[in-house]
Structure formats: C-alpha cells, structure tokens
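J.: coords please:
(2 chains)
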Amino acid sequence: MSAALLPPTPPPARRLILNGLFAENPVFRLALSLCPAVAVTTTVLNGLILGVAVLMVQVLSSVTVALARGLIHPRVRIPVYTIIIAVWVSAIDMTLAAFVPALYAQVGLYVKLIVAFAIIISRLEMFASRYPLVPSFWDGFGMGLGFLAALVVIGALRELLGNGSIFGVRLVAGKPLLFFALPAGGFFSIAFLMAFFNWIERRVGRGRGRAAAGGAHG
Amino acid sequence: MKPRDEVIRITASMTVACAAGAAILGAVYVATDRYQRAAQLADERGAIVELLGLGPGAEVTEVRQSLDPGVAGQPATRAVIYEARPLGDHGAPRRFAFSLDGVPVPVAGAAGARAQRAPEPLGHLFVARQGGREAGFVVEGMAQGYKNPIRFLVALTPAFEIAGVRVVEHQEDPGLGAEVATRGFEDQFVGRTADDVARLDVTRDPMPEDWHAALLQLERTPPPAWRAAHAALLERERGRPIYAVTGATISSRALTGGVRATIDHFRRRWALIQPQLEGGS
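T.: Alright, predicted model coming up:
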C-alpha cells in the first residue's frame, strides 16, 4: 500500500487491531517474516514466546518512532529505525534471558533475529512515522498480535501433526506426520493455513478484491 | 539549506539515536544481569545435584578450563589453565596450569607474559564433595552434531562410572537428532565405567523391549533402587553398544563419541588436577 491510501485521520483502535489480526495479518496475508515463522514453530510454546517477543518489540518500536518522528532526519530514517528496533530487541533478549531462562534456551537464537523482521520496520515506515503516539501504539499492538496469533496457530498445527502433542502434553500416541515438524512441513503448514484464511475471507465476502493482496509484499 | 548544515544535522540525528539506544541498553543490562546470573547458577547447580544425587550439604567446586595458545609456532608453549572456585563465588579463583604433556607450568607465565592471543575456553568441570570426600564429577563436553555442536554434561562417580549424561544445548532436527537429548537415549550411558566407554560402539539395531521399558522407569525411580531392580539387565546391556535413535545415527554417534572423548580426557587430567584442588582446602 502507498501513503495515498492512508486516511488523514487515524482509524480507531478496534479497526487497527482487527486489521493486524485478519485483514493484514503479517504472516497469512502479507507473507512477511516467513523464515522465522517456519524456523521456530515446531512447538506451540516456541511460537508463543517468539510471538510475545515480536509483539513487545513492535509496540515499543512503533511508540518510539511515533514520539521521535519530528527529530529523525528523513534522509537517515531507515538506519535510525534499525537502531531503535535493535535496541528494543536487545532489551527484550536480556529480559527473557534473565526471567524465563528455560524458555529462552529454546528460542534465544531467534529472538536476536527479530532485528531483521521485515514486518516491524515496514510498520514503522508505513504507519508510526506518520501518525501520533496513540494510533501508532494500537497499530503496533494489532500487528504484533497478528504475528503472535499466526505463530501460535502454526505451532499448534505442527506440534499436533508432527509430534502428537500440544504444549508438550501428549494427545496422540506416536508421531502422526513427522514431516510437519521438519522445515519443509513448516512451509506446507503456512500454505494450508493461508489458503484456509483466503477461503474464509471469500466465504464471508468481506474485503472484496483483497484476497490476492498477499503476493504484493515481499 | 546548505549541504554542510544538512550533514551536521544528519550526524547529530544519528549520534543522538545511538547515544539514547546505548543508555537504554545499559540500563536494561544493569537491571537484568543479576537475575540472569542467578538463573544460570541455579540451573547449573540443580543439574549437578540431580545428576550426582547429592544431599543438601554438598559443596561444589567449579573449575574453568582454558587453552593458552602460547607462542605462535611453538606448540610446546601451549598449556591448559585451570581456575577453581566454589560454585557461585565471584572472588579470585585458585589458578594453576599444566602443559599439554602434563608438566606444571607457572600460571603467570601461562596467562600473562607469553600469551599473544587470549586463552580459548575449554568448558567447565565441577567437583562435588560431601562429608569431606569426593562425591562425583560433572564434566562439560562438546561434540559436532549433524549441523551444529552438541553441548552436554557427563556426571561421573568417584570411581569414574557414568552417573548420567544430559544434553544441555543442541540444534539437531526435531523428531530425529533431537531425540538424543531425551532421557530414553541419555540414560543408556548410566552405569558404564570409563573402560566400558572407551570401547563403546553405536548400533542401528532396535533397542530390546525390556531394556527400553527399564530405561523409561529410570526417570521416575531413584538410581540406586533402579539399579537393584534391573541388575541382570544392566549386566547384559553394559557389554552391548548404544542403540542409535532411528534415523539419527549421526547424532547418536556424535554424542557417544563426545562422551567417550570427554571421559578419556578428564580421566587423564584428573590425576594432575586433584592434588592442586586439595592442596589449599
């Protein structure tokens, strides 16, 4: 989307949250940050932890950019956004390592990679740099929540099919379809869920003409 | 605006962003560092106490090992530096060093004047004492897994018999190589002596049902009771190889080879380290 499509007055909080969860879900609709989405979602818990980390980084970065947008020189805005994201990722990284060490041991490697998540910097460039604090907060919250929800759904599908359990609790004996726990299975899981999202969207009939929007973003 | 002014403004904008970021990170580090260390320490101590089955009165000494690369081109100047202190203590450690041939060398020389490169960490080892006697050792080891290194702990009794093996860090494939980090695989090592391990092989044969059932019980049974209950089975399996995880022979071999090398190395070094540790206590 381009700047011309953004309304001059920011949409209400409820719209922004629903937008992040459904209409522009970072994983299922925008197809952004698929690489980490595949890498960590072998279990629900891993997906949940990384999702929470992304949510916090997105909200903190959006708020920081919204507050500092008058001070950031437009020519160096991308390096400055990167610094802002890197600062918050490092802060979250240290906090997780200190307070939830057992979980951090599983996803620590990927938390550091949040710096390079396209979804975060794209929200800063498209939204937070143009709107004031409050709408930027809700936009970041909605997008982060959308990412979190996507990771949890993918993680649940893959853990259930690949390992026969949910949150480590065994539901089915053995490993029904081990393929889904492997990286290739991760892409298939996302593809199936994306198709499911598109199907629902067509069924409900909302957002006509947007069903193909997913391909437009890298 | 003049180009020079713009350059100054851009520089100022970036400098302010970096300074503010550094200040935030510094504050977060100061606020969380204490908790992170405490969590790490509790984790390590918990693993050691559990692996060796220690009582509450046990003292644990942590020994950090590092390789002093010595003078470039002169392998004879390479040495292993040991730094011993009670676990969790941040005071000055007791330091001593041995050359790779086992000859004592002065630490000052090993770490200071001669070193042109920083010493390279070789992993930790922990010596547990209870009631004035050694109650066991936990040795950290590394092995090259399928793609990335596997880091593990090997717990040994004072008689160099394996009390347990725990994989603490790995990136093997879930469902395949990652299975070596489960008790069902790790517990196959329990009860084997250092001599058994030196000859230990890995087989792709399926694990016998009775042995598999016994291993599953070990997680919920205290080790001495478990050993008594399965004495005949243990005797039979001690002479047999490790059963590889299905579809993950490489990871299984990697961990087995790593355990073997770690024990072999520690057994030879312990003769050197022991007098040094006891000298001052």
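J.: Look up how far B:Glu219 lies from B:Trp211.
T.: As defined by C-beta to C-beta, to the nearest Å, B:Trp211 lies at a distance of 14 Å from B:Glu219. (Glycine included, C-beta is placed from N, CA and C.)
J.: Burial check on residue 183, number of neighbours?
T.: Picked chain A for this. 12 (other C-beta atoms under 10 Å in any protein chain shown).
J.: think we crossed wires, I meant chain B
T.: A count of neighbours around B:Arg183, defined by other C-beta under 10 Å, yields 16.
J.: Enumerate the residues of chain A near chain B.
T.: Neighbours of chain B within chain A, by C-beta under 8 Å from any C-beta of the partner chain: A:42-43, A:71-73, A:75-76, A:79-80, A:83-84, A:86-87, A:90-91, A:94-95, A:97-99, A:101-102, A:105, A:109, A:162-163, A:175, A:178, A:181-182.
J.: Among those, which are located in helices?
T.: Cross-referencing the residues of chain A next to chain B against helices under DSSP state H gives A:79-80, A:83-84, A:86-87, A:90-91, A:94-95, A:97-99, A:101-102, A:105, A:109, A:162-163.
J.: Is it possible to mark the buried ones in those residues?
T.: Applying 16 or more other C-beta atoms under 10 Å in any protein chain shown to these, the neighbour count classes A:79-80, A:83-84, A:86-87, A:90-91, A:94-95, A:97-98, A:101, A:162-163 as buried.
J.: following the helix or strand of chain B with the lowest mean pLDDT, which helix or strand comes up?
T.: Within chain B, judged by mean pLDDT, DSSP states H and E, the helix or strand with the poorest mean is helix B:107; its value is a mean of 75. With elements assigned by DSSP states H and E, the helix or strand that comes after helix B:107 is strand B:120-130.
J.: same for that following strand, what does it pack against?
T.: Using 3 or more C-beta pairs under 8 Å, 6 or more residues apart in numbering or on different chains; DSSP states H and E as the contact definition, the elements that strand B:120-130 packs against are helix B:3-52, strand B:59-68, strand B:133-144.
J.: Could you tell me which residues within that strand count as buried?
T.: B:Leu122, B:Gly123, B:His124, B:Leu125, B:Phe126, B:Val127, B:Ala128, B:Arg129, B:Gln130.
J.: about what we covered before: closest to A:Phe167 out of the helices and strands packed on strand B:120-130?
T.: The closest of the helices and strands packed on strand B:120-130 to A:Phe167 is helix B:3-52. By C-beta to C-beta, the value is 21.5 Å.
J.: For chain A, just list every one of the helices.
T.: Along chain A, counting by DSSP H, helices occupy A:13-18, A:34-40, A:44-68, A:77-99, A:101-113, A:118-123, A:133-163, A:183-204.
J.: ah, wrong one, I meant the stretch 151-281 of chain B
T.: Per DSSP state H, counting those that start in this stretch, the stretch 151-281 of chain B has helices spanning B:183-186, B:194-198, B:209-218, B:223-229, B:231-238, B:249-279. These are given in chain order.
J.: looking at those, which has the lowest confidence?
T.: In terms of mean pLDDT, the lowest-scoring of the helices of the stretch 151-281 of chain B is helix B:223-229 (a mean of 82).
J.: What are the contacting residues of that helix?
T.: Helix B:223-229 is contacted by residues B:Gly53, B:Ala163, B:Gly164, B:Val190, B:Gly191, B:Ala214, B:Gln217, B:Leu218, B:Thr221, B:Leu234 when judged by C-beta atoms under 8 Å, 6 or more residues apart in numbering or on different chains.
J.: What subset of these is buried?
T.: The neighbour-count test (16+ other C-beta under 10 Å) marks B:Gly53, B:Ala163, B:Gly164, B:Val190, B:Gly191, B:Ala214, B:Leu218, B:Leu234 as buried among the contacts of helix B:223-229.
J.: Isn't the last one up against B:Arg192?
T.: When you say that, I think you mean B:Leu234. No: the pair B:Leu234 and B:Arg192 fails to qualify as a contact (C-beta atoms under 8 Å) at a distance of 9.4 Å.
J.: okay, B:Trp211 and B:Glu219: which has more neighbours?
T.: With neighbours defined as other C-beta under 10 Å, B:Trp211 and B:Glu219 compare such that B:Trp211 has more, 17 against 11.
J.: residue contacts, the more buried one?
T.: If you count contacts by C-beta under 8 Å, 6+ apart, B:Trp211 has them with B:Leu233, B:Glu237.
J.: Quick check, central residue of the chain?
T.: No chain was given, so I picked chain A. A:Phe147 (2.6 Å; C-alpha atoms, centre = their mean).
J.: Give me the pLDDT value at that one.
T.: According to the per-residue confidence, A:Phe147 scores 95 in pLDDT.
J.: Same question for A:Ala216.
T.: You'll see A:Ala216 listed with a pLDDT of 40.
J.: Alongside chain A, which residues does the stretch 151-281 of chain B contribute?
T.: Counting by C-beta under 8 Å from any C-beta, the residues of the stretch 151-281 of chain B near chain A are B:Glu169, B:Gln171, B:Asp173, B:Pro174, B:Gly175.
J.: these two touch, right, the first one and B:Gly145?
T.: No: with contact defined as C-beta under 8 Å, B:Glu169 does not count as touching B:Gly145 (10.1 Å).
J.: which of these two has more neighbours?
T.: For the pair B:Glu169 and B:Gly145, the greater number of neighbours falls to B:Gly145 (24 against 13), based on other C-beta under 10 Å.
J.: So the more buried one sits against B:Ser252, correct?
T.: No: with contacts counted by C-beta under 8 Å, B:Gly145 stays clear of B:Ser252, the gap being 10.1 Å.
J.: quick one: low-confidence ranges for chain B?
T.: Applying pLDDT under 70 to chain B picks out residues B:1, B:108-117, B:279-281.
J.: Provide the backbone phi and psi angles at the residue sitting furthest away from the middle of chain A.
T.: Relative to the C-alpha centroid of chain A, counting by C-alpha atoms, centre = their mean, A:Ala173 is the outermost residue, at 31.8 Å. When quoted as degrees, to the nearest 10, the phi and psi of A:Ala173 stand at phi -70, psi 140.
J.: Rebuild the helices and strands packed on strand B:120-130 as JSON lines, extending it with mean neighbour count and distance to B:Ala225.
T.: Formatted as JSON lines, the entries for the helices and strands packed on strand B:120-130 read as follows, by neighbours: other C-beta atoms under 10 Å in any protein chain shown; distance: least, C-beta to C-beta, whole Å:
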{"stretch": "helix B:3-52", "mean neighbour count": "14", "distance to B:Ala225": "16"}
{"stretch": "strand B:59-68", "mean neighbour count": "20", "distance to B:Ala225": "24"}
{"stretch": "strand B:133-144", "mean neighbour count": "19", "distance to B:Ala225": "18"}
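J.: and of the ones you listed, who's closest to B:Leu277?
T.: Between B:Leu277 and those, the tightest spacing by C-beta to C-beta is seen for strand B:59-68, at 6.6 Å.
J.: between that closest one and strand B:120-130, how many degrees?
T.: Relative orientation of strand B:59-68 with respect to strand B:120-130: 160 degrees, computed using axes from the mean of the first three to the mean of the last three C-alpha atoms, to 10 degrees.
J.: now, the most widely separated pair of the contacts of helix B:223-229?
T.: Going by C-beta to C-beta, the pair spanning the contacts of helix B:223-229 furthest: B:Gly53 and B:Ala214, at 18.2 Å.
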